[in-house]
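*Asks:* Take this sequence and fold it.
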Amino acid sequence: MKVLHVITSLKIGGAEKLVVQMITAMRKQGIKVDVCVFNGERTHFMEELETTGCTIYRLGTSYYNPSYIFKLSKIIKNYDIVHTHNSSPQLFAAIANVVITKKAHLITTEHNTDNRKRHFKCIHGVDRWMYSQYKTIICISEETAHNLKNYLGKKWLLKHGMGQIVTILNGIDVQCFKNATPTIKKEEKWAIVMVAAFRPQKDHLTLLRAMKHLPDDFELWLVGDGEMRVQIENEIKRLCLEKRIHLFGNRTDVPGILKAADIVVLSSNWEGFGLAAVEGMAAGKPVIASDVDGLKQIVEGYGLIFERGNDVDLASQIKLLSIDSQMYNDVSKKCVERAQIFSIDKMMEQITARYFML
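*Replies:* Numbers count the residues shown, from 1 in each chain. Below you'll find the predicted structure:
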(Lines give C-alpha, C1' and ligand atoms only; values in the text may rest on other atoms or scores of the structure.)
Protein backbone atom coordinates (compact mmCIF):
# COMPACT_ATOMS: atom_id res chain seq x y z
CA MET A 1 0.00 0.00 0.00
CA LYS A 2 1.37 3.40 -1.06
CA VAL A 3 -0.05 6.53 0.61
CA LEU A 4 0.35 10.18 -0.35
CA HIS A 5 -0.55 13.02 2.01
CA VAL A 6 -1.38 16.36 0.36
CA ILE A 7 -1.30 19.61 2.36
CA THR A 8 -0.88 23.31 1.66
CA SER A 9 2.52 23.62 3.39
CA LEU A 10 4.68 22.26 6.19
CA LYS A 11 4.82 25.50 8.15
CA ILE A 12 4.01 25.58 11.86
CA GLY A 13 0.39 24.63 12.59
CA GLY A 14 -1.82 21.92 14.07
CA ALA A 15 -2.66 20.22 10.76
CA GLU A 16 0.96 20.37 9.64
CA LYS A 17 2.22 18.87 12.88
CA LEU A 18 -0.38 16.12 12.69
CA VAL A 19 0.73 15.20 9.16
CA VAL A 20 4.36 14.97 10.26
CA GLN A 21 3.41 12.73 13.19
CA MET A 22 1.23 10.51 11.01
CA ILE A 23 3.81 10.05 8.27
CA THR A 24 6.60 9.35 10.76
CA ALA A 25 4.50 6.76 12.61
CA MET A 26 3.31 5.06 9.41
CA ARG A 27 6.78 4.77 7.95
CA LYS A 28 7.94 3.14 11.20
CA GLN A 29 5.14 0.59 10.63
CA GLY A 30 6.56 -0.17 7.19
CA ILE A 31 3.88 1.68 5.21
CA LYS A 32 5.16 3.57 2.17
CA VAL A 33 4.05 7.15 2.84
CA ASP A 34 5.08 10.38 1.09
CA VAL A 35 3.84 13.97 1.12
CA CYS A 36 2.97 16.64 -1.46
CA VAL A 37 3.00 20.31 -0.42
CA PHE A 38 1.61 23.23 -2.41
CA ASN A 39 3.89 25.85 -0.87
CA GLY A 40 7.29 24.18 -0.89
CA GLU A 41 9.05 26.60 1.45
CA ARG A 42 11.62 24.71 3.53
CA THR A 43 10.68 24.39 7.19
CA HIS A 44 11.71 22.43 10.25
CA PHE A 45 8.79 20.03 9.67
CA MET A 46 10.04 19.39 6.14
CA GLU A 47 13.55 18.68 7.38
CA GLU A 48 12.11 16.38 10.04
CA LEU A 49 10.25 14.36 7.41
CA GLU A 50 13.30 14.13 5.17
CA THR A 51 15.13 12.21 7.91
CA THR A 52 12.48 9.47 7.66
CA GLY A 53 13.20 8.87 3.97
CA CYS A 54 9.85 10.38 2.99
CA THR A 55 9.64 11.77 -0.55
CA ILE A 56 8.45 15.39 -0.53
CA TYR A 57 6.86 16.79 -3.68
CA ARG A 58 6.97 20.60 -3.71
CA LEU A 59 4.57 22.05 -6.27
CA GLY A 60 5.40 25.75 -6.01
CA THR A 61 5.35 28.77 -3.72
CA SER A 62 1.62 29.56 -3.47
CA TYR A 63 -1.45 27.85 -2.02
CA TYR A 64 -4.13 28.15 -4.70
CA ASN A 65 -2.49 27.81 -8.13
CA PRO A 66 -4.86 25.83 -10.45
CA SER A 67 -1.86 24.42 -12.32
CA TYR A 68 -1.30 22.22 -9.28
CA ILE A 69 -4.23 20.08 -10.47
CA PHE A 70 -2.19 18.83 -13.43
CA LYS A 71 0.97 18.43 -11.35
CA LEU A 72 -1.01 16.46 -8.78
CA SER A 73 -2.50 14.15 -11.41
CA LYS A 74 0.97 13.00 -12.43
CA ILE A 75 1.91 12.27 -8.80
CA ILE A 76 -1.38 10.73 -7.64
CA LYS A 77 -1.29 7.96 -10.25
CA ASN A 78 1.64 6.38 -8.39
CA TYR A 79 -0.31 5.95 -5.12
CA ASP A 80 -3.12 3.74 -3.85
CA ILE A 81 -4.46 6.20 -1.27
CA VAL A 82 -4.37 9.99 -1.33
CA HIS A 83 -5.02 11.63 2.06
CA THR A 84 -5.67 15.38 1.86
CA HIS A 85 -5.67 18.20 4.42
CA ASN A 86 -6.98 21.80 4.13
CA SER A 87 -9.30 23.32 1.55
CA SER A 88 -7.29 23.73 -1.65
CA PRO A 89 -5.64 20.27 -1.48
CA GLN A 90 -9.09 18.76 -0.86
CA LEU A 91 -10.50 20.35 -4.01
CA PHE A 92 -7.50 20.08 -6.31
CA ALA A 93 -6.84 16.43 -5.44
CA ALA A 94 -10.50 15.56 -6.04
CA ILE A 95 -10.43 17.17 -9.48
CA ALA A 96 -7.05 15.65 -10.38
CA ASN A 97 -8.08 12.16 -9.34
CA VAL A 98 -11.65 12.09 -10.62
CA VAL A 99 -11.24 14.00 -13.88
CA ILE A 100 -7.73 12.99 -14.93
CA THR A 101 -6.17 10.10 -13.00
CA LYS A 102 -9.23 8.06 -11.91
CA LYS A 103 -7.17 5.64 -9.86
CA ALA A 104 -6.44 6.49 -6.20
CA HIS A 105 -8.80 6.13 -3.25
CA LEU A 106 -9.37 9.54 -1.66
CA ILE A 107 -9.52 10.19 2.07
CA THR A 108 -9.43 13.56 3.83
CA THR A 109 -9.13 15.01 7.31
CA GLU A 110 -11.36 17.91 8.33
CA HIS A 111 -9.35 19.99 10.80
CA ASN A 112 -11.75 22.79 11.74
CA THR A 113 -15.33 23.33 12.87
CA ASP A 114 -15.61 26.16 10.34
CA ASN A 115 -13.81 27.81 7.43
CA ARG A 116 -14.23 30.87 5.23
CA LYS A 117 -15.63 29.12 2.16
CA ARG A 118 -18.67 27.86 4.08
CA HIS A 119 -19.86 31.45 4.29
CA PHE A 120 -20.05 31.88 0.49
CA LYS A 121 -23.19 30.21 -0.87
CA CYS A 122 -21.95 30.47 -4.45
CA ILE A 123 -19.38 27.71 -3.85
CA HIS A 124 -21.48 25.36 -1.71
CA GLY A 125 -22.29 23.21 -4.74
CA VAL A 126 -18.62 22.77 -5.58
CA ASP A 127 -17.90 21.92 -1.97
CA ARG A 128 -20.59 19.25 -1.81
CA TRP A 129 -19.32 17.69 -5.04
CA MET A 130 -15.78 17.72 -3.64
CA TYR A 131 -16.69 15.95 -0.41
CA SER A 132 -18.69 13.34 -2.34
CA GLN A 133 -15.48 12.20 -4.06
CA TYR A 134 -13.93 11.06 -0.78
CA LYS A 135 -14.32 7.50 0.47
CA THR A 136 -13.79 8.65 4.05
CA ILE A 137 -13.89 12.06 5.72
CA ILE A 138 -12.08 12.00 9.07
CA CYS A 139 -13.15 14.69 11.55
CA ILE A 140 -10.78 15.44 14.42
CA SER A 141 -13.59 16.02 16.94
CA GLU A 142 -17.30 15.38 17.39
CA GLU A 143 -17.98 19.10 16.95
CA THR A 144 -16.08 19.13 13.66
CA ALA A 145 -18.19 16.23 12.41
CA HIS A 146 -21.43 17.81 13.64
CA ASN A 147 -20.72 21.12 11.90
CA LEU A 148 -19.67 19.43 8.66
CA LYS A 149 -22.85 17.35 8.56
CA ASN A 150 -24.96 20.45 9.14
CA TYR A 151 -23.10 22.23 6.35
CA LEU A 152 -23.48 19.39 3.84
CA GLY A 153 -27.17 18.95 4.70
CA LYS A 154 -29.59 16.03 5.03
CA LYS A 155 -29.95 15.54 1.27
CA TRP A 156 -26.19 15.04 0.85
CA LEU A 157 -26.00 12.72 3.84
CA LEU A 158 -28.88 10.56 2.59
CA LYS A 159 -27.29 10.25 -0.82
CA HIS A 160 -23.73 9.53 0.26
CA GLY A 161 -24.26 7.85 3.63
CA MET A 162 -23.57 8.88 7.20
CA GLY A 163 -20.75 6.34 7.44
CA GLN A 164 -18.60 8.36 5.07
CA ILE A 165 -17.94 10.86 7.89
CA VAL A 166 -16.11 9.45 10.92
CA THR A 167 -14.57 10.96 14.04
CA ILE A 168 -11.00 10.12 15.00
CA LEU A 169 -9.66 12.29 17.80
CA ASN A 170 -6.27 13.92 17.36
CA GLY A 171 -3.39 12.44 19.30
CA ILE A 172 0.00 13.52 20.62
CA ASP A 173 3.07 11.86 22.07
CA VAL A 174 1.97 12.42 25.68
CA GLN A 175 5.23 11.17 27.21
CA CYS A 176 7.28 13.59 25.11
CA PHE A 177 5.56 16.55 26.76
CA LYS A 178 5.22 14.98 30.19
CA ASN A 179 8.92 14.17 30.47
CA ALA A 180 10.27 17.28 28.73
CA THR A 181 13.05 19.32 30.34
CA PRO A 182 12.51 23.11 30.50
CA THR A 183 14.49 24.84 27.77
CA ILE A 184 13.97 28.42 28.95
CA LYS A 185 15.29 29.91 32.16
CA LYS A 186 12.53 32.25 33.20
CA GLU A 187 12.63 35.21 35.55
CA GLU A 188 10.77 35.39 38.86
CA LYS A 189 7.55 36.15 37.02
CA TRP A 190 4.41 34.31 36.03
CA ALA A 191 5.05 33.04 32.50
CA ILE A 192 2.04 32.65 30.21
CA VAL A 193 2.62 30.88 26.90
CA MET A 194 0.61 30.50 23.72
CA VAL A 195 1.80 28.26 20.90
CA ALA A 196 -0.02 29.15 17.68
CA ALA A 197 0.53 30.51 14.19
CA PHE A 198 0.03 34.27 13.90
CA ARG A 199 -3.26 34.30 12.03
CA PRO A 200 -6.79 35.64 12.70
CA GLN A 201 -8.11 32.25 13.80
CA LYS A 202 -5.89 32.27 16.91
CA ASP A 203 -6.90 35.75 18.13
CA HIS A 204 -3.61 36.75 19.75
CA LEU A 205 -4.93 40.30 20.12
CA THR A 206 -7.34 39.33 22.89
CA LEU A 207 -4.46 37.76 24.83
CA LEU A 208 -2.32 40.87 24.33
CA ARG A 209 -5.11 43.07 25.67
CA ALA A 210 -5.54 40.72 28.64
CA MET A 211 -1.90 41.33 29.55
CA LYS A 212 -2.73 45.01 30.04
CA HIS A 213 -5.05 43.99 32.91
CA LEU A 214 -2.31 41.97 34.64
CA PRO A 215 0.41 43.35 36.94
CA ASP A 216 4.05 43.65 35.90
CA ASP A 217 5.02 40.30 37.42
CA PHE A 218 3.31 38.54 34.47
CA GLU A 219 5.04 37.99 31.14
CA LEU A 220 3.82 36.42 27.90
CA TRP A 221 5.69 34.08 25.57
CA LEU A 222 4.32 33.79 22.03
CA VAL A 223 5.63 30.81 20.06
CA GLY A 224 4.87 30.94 16.35
CA ASP A 225 4.89 33.27 13.36
CA GLY A 226 2.70 34.19 10.43
CA GLU A 227 0.70 36.75 8.49
CA MET A 228 -0.34 38.79 11.55
CA ARG A 229 3.14 39.32 12.96
CA VAL A 230 3.28 43.04 12.08
CA GLN A 231 -0.20 43.64 13.50
CA ILE A 232 0.75 41.81 16.70
CA GLU A 233 3.99 43.79 17.03
CA ASN A 234 2.09 47.06 16.53
CA GLU A 235 -0.48 46.10 19.18
CA ILE A 236 2.31 45.28 21.64
CA LYS A 237 3.78 48.75 21.08
CA ARG A 238 0.37 50.43 21.35
CA LEU A 239 -0.22 48.73 24.70
CA CYS A 240 3.35 49.57 25.86
CA LEU A 241 4.05 45.92 26.63
CA GLU A 242 7.38 45.51 24.86
CA LYS A 243 9.23 44.53 28.06
CA ARG A 244 6.66 41.91 29.10
CA ILE A 245 5.90 40.11 25.84
CA HIS A 246 8.47 37.92 24.09
CA LEU A 247 8.09 36.73 20.50
CA PHE A 248 9.98 33.45 20.20
CA GLY A 249 9.13 32.70 16.57
CA ASN A 250 8.85 29.13 15.33
CA ARG A 251 10.65 26.78 17.70
CA THR A 252 11.58 23.11 17.69
CA ASP A 253 11.64 22.85 21.50
CA VAL A 254 7.93 23.42 22.19
CA PRO A 255 7.74 20.64 24.87
CA GLY A 256 10.58 22.32 26.78
CA ILE A 257 9.00 25.77 26.47
CA LEU A 258 5.66 24.50 27.77
CA LYS A 259 7.44 22.78 30.66
CA ALA A 260 9.15 26.06 31.60
CA ALA A 261 5.96 28.15 31.56
CA ASP A 262 3.34 28.48 34.31
CA ILE A 263 0.08 28.81 32.36
CA VAL A 264 -0.89 27.80 28.80
CA VAL A 265 -3.47 29.86 26.91
CA LEU A 266 -5.26 29.25 23.61
CA SER A 267 -7.48 32.23 22.72
CA SER A 268 -8.80 30.99 19.36
CA ASN A 269 -11.80 32.34 17.48
CA TRP A 270 -12.48 28.81 16.23
CA GLU A 271 -10.82 25.40 16.42
CA GLY A 272 -11.46 21.92 15.15
CA PHE A 273 -9.69 20.38 18.11
CA GLY A 274 -6.97 22.43 19.85
CA LEU A 275 -3.81 20.31 19.70
CA ALA A 276 -1.79 23.01 21.46
CA ALA A 277 -4.15 22.82 24.44
CA VAL A 278 -3.63 19.07 24.78
CA GLU A 279 0.15 19.55 24.57
CA GLY A 280 -0.03 22.08 27.41
CA MET A 281 -2.07 19.64 29.47
CA ALA A 282 0.41 16.84 28.83
CA ALA A 283 3.23 19.13 29.99
CA GLY A 284 1.44 19.39 33.34
CA LYS A 285 0.31 22.99 33.02
CA PRO A 286 -3.13 24.50 33.66
CA VAL A 287 -4.75 25.42 30.34
CA ILE A 288 -7.07 28.37 29.74
CA ALA A 289 -9.03 28.30 26.48
CA SER A 290 -11.74 30.29 24.71
CA ASP A 291 -15.26 28.85 24.72
CA VAL A 292 -15.38 27.84 21.05
CA ASP A 293 -16.58 24.51 19.66
CA GLY A 294 -13.87 21.89 19.35
CA LEU A 295 -11.59 23.57 21.88
CA LYS A 296 -14.19 23.99 24.62
CA GLN A 297 -15.04 20.28 24.60
CA ILE A 298 -11.37 19.40 25.10
CA VAL A 299 -10.69 21.79 27.98
CA GLU A 300 -13.96 22.40 29.86
CA GLY A 301 -14.13 20.56 33.19
CA TYR A 302 -10.36 20.16 33.28
CA GLY A 303 -8.77 23.51 32.47
CA LEU A 304 -10.47 26.91 32.55
CA ILE A 305 -12.74 28.51 29.93
CA PHE A 306 -13.17 32.21 29.12
CA GLU A 307 -15.58 34.03 26.84
CA ARG A 308 -14.15 34.30 23.32
CA GLY A 309 -12.72 37.74 22.63
CA ASN A 310 -13.19 38.91 26.24
CA ASP A 311 -9.79 40.09 27.45
CA VAL A 312 -11.13 41.05 30.89
CA ASP A 313 -12.51 37.55 31.46
CA LEU A 314 -9.25 35.98 30.29
CA ALA A 315 -7.18 38.18 32.63
CA SER A 316 -9.52 37.25 35.48
CA GLN A 317 -8.98 33.51 34.85
CA ILE A 318 -5.21 33.99 34.82
CA LYS A 319 -5.35 35.92 38.11
CA LEU A 320 -7.41 33.16 39.74
CA LEU A 321 -4.69 30.60 39.03
CA SER A 322 -1.94 32.90 40.25
CA ILE A 323 -3.50 33.75 43.64
CA ASP A 324 -4.86 30.30 44.56
CA SER A 325 -2.10 27.67 44.70
CA GLN A 326 -4.55 24.88 45.55
CA MET A 327 -6.65 25.72 42.51
CA TYR A 328 -3.52 25.90 40.36
CA ASN A 329 -2.42 22.43 41.46
CA ASP A 330 -5.90 20.92 41.09
CA VAL A 331 -6.37 22.29 37.57
CA SER A 332 -2.88 21.14 36.57
CA LYS A 333 -3.59 17.61 37.81
CA LYS A 334 -6.90 17.44 35.95
CA CYS A 335 -5.21 18.64 32.77
CA VAL A 336 -2.56 15.92 32.98
CA GLU A 337 -5.27 13.27 33.41
CA ARG A 338 -7.24 14.67 30.48
CA ALA A 339 -4.24 14.53 28.14
CA GLN A 340 -3.84 10.78 28.60
CA ILE A 341 -6.83 9.93 26.39
CA PHE A 342 -5.38 11.73 23.35
CA SER A 343 -2.79 9.15 22.36
CA ILE A 344 -1.00 9.28 19.00
CA ASP A 345 -0.91 5.47 18.98
CA LYS A 346 -4.68 5.17 19.33
CA MET A 347 -5.21 7.75 16.58
CA MET A 348 -2.84 5.94 14.21
CA GLU A 349 -4.51 2.56 14.77
CA GLN A 350 -7.85 4.02 13.73
CA ILE A 351 -6.49 5.82 10.68
CA THR A 352 -4.52 2.87 9.31
CA ALA A 353 -7.55 0.66 9.87
CA ARG A 354 -9.48 3.05 7.59
CA TYR A 355 -6.76 2.75 4.95
CA PHE A 356 -7.01 -1.04 4.87
CA MET A 357 -10.79 -0.78 4.51
CA LEU A 358 -10.51 1.13 1.22
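*Asks:* Tell me the spacing between residue 246 and residue 257.
*Replies:* For residue 246, the distance to residue 257 equals 11 Å [C-beta to C-beta, to the nearest Å]. Every C-beta, even on glycine, is put in place using the N, C-alpha and C of the backbone.
*Asks:* Pull up the overlap in contacts between these two.
*Replies:* residue 221 (C-beta atoms under 8 Å, 6 or more residues apart in numbering).
*Asks:* out of those two, which sits in the busier spot?
*Replies:* When residue 246 and residue 257 are compared on other C-beta atoms under 10 Å, the one with more neighbours turns out to be residue 257, at 22 against 16.
*Asks:* Can you report how many residues lie near residue 230?
*Replies:* By other C-beta under 10 Å, the residues close to residue 230 number 9.
*Asks:* and after the helix or strand containing it, which helix or strand comes next?
*Replies:* Here residue 230 sits within helix 229-238, counting by DSSP states H and E. Beyond helix 229-238 in the direction of the C-terminus, DSSP H and E gives the next helix or strand as strand 245-249.
*Asks:* got the domain boundaries for the protein?
*Replies:* Using automatic domain parsing, the domain parsing of the chain gives 2-171+343-357, 174-339.
*Asks:* Contact partners for the nearest residue to residue 77 once chain neighbours are set aside?
*Replies:* Closest residue to residue 77 apart from its sequence neighbours, by C-beta to C-beta, 6 or more residues apart in numbering: residue 101 at 4.9 Å. Counting by C-beta under 8 Å, 6+ apart, residue 101 makes contact with 73, 76, 77.
*Asks:* for those, which one is nearest residue 278?
*Replies:* Distance to residue 278 across those (C-beta to C-beta) is lowest for residue 76, with 32.2 Å.
*Asks:* how about that closest one, what does it touch?
*Replies:* Going by C-beta under 8 Å, 6+ apart, residue 76 touches 4, 82, 93, 96, 97, 101, 103, 104.
*Asks:* If burial is judged by neighbour count, which of those residues pass?
*Replies:* 4, 82, 93, 96, 97, 101, 104 (16 or more other C-beta atoms under 10 Å).
*Asks:* where's the dip in pLDDT among those?
*Replies:* Within the buried ones among the contacts of residue 76, residue 101 has the lowest pLDDT, namely 72.
*Asks:* on that earlier part again, compare the mean pLDDT across the domains of the chain and name the weakest.
*Replies:* Comparing mean pLDDT over those, the weakest stretch is domain 2-171+343-357, at a mean of 92.
*Asks:* Moving along the chain from the strand ranked longest in the chain, name the first helix or strand you hit.
*Replies:* Determined from DSSP state E, the single longest strand within the chain is strand 32-39. Per DSSP H and E, the first helix or strand lying C-terminal to strand 32-39 is helix 44-50.
*Asks:* re earlier: which one of the buried ones among the contacts of residue 76 is nearest to residue 34?
*Replies:* Distances from residue 34 to the buried ones among the contacts of residue 76, taken by C-beta to C-beta, are shortest for residue 4, at 5.4 Å.
*Asks:* Next, give phi and psi for that closest one.
*Replies:* phi -120, psi 120 (degrees, to the nearest 10).
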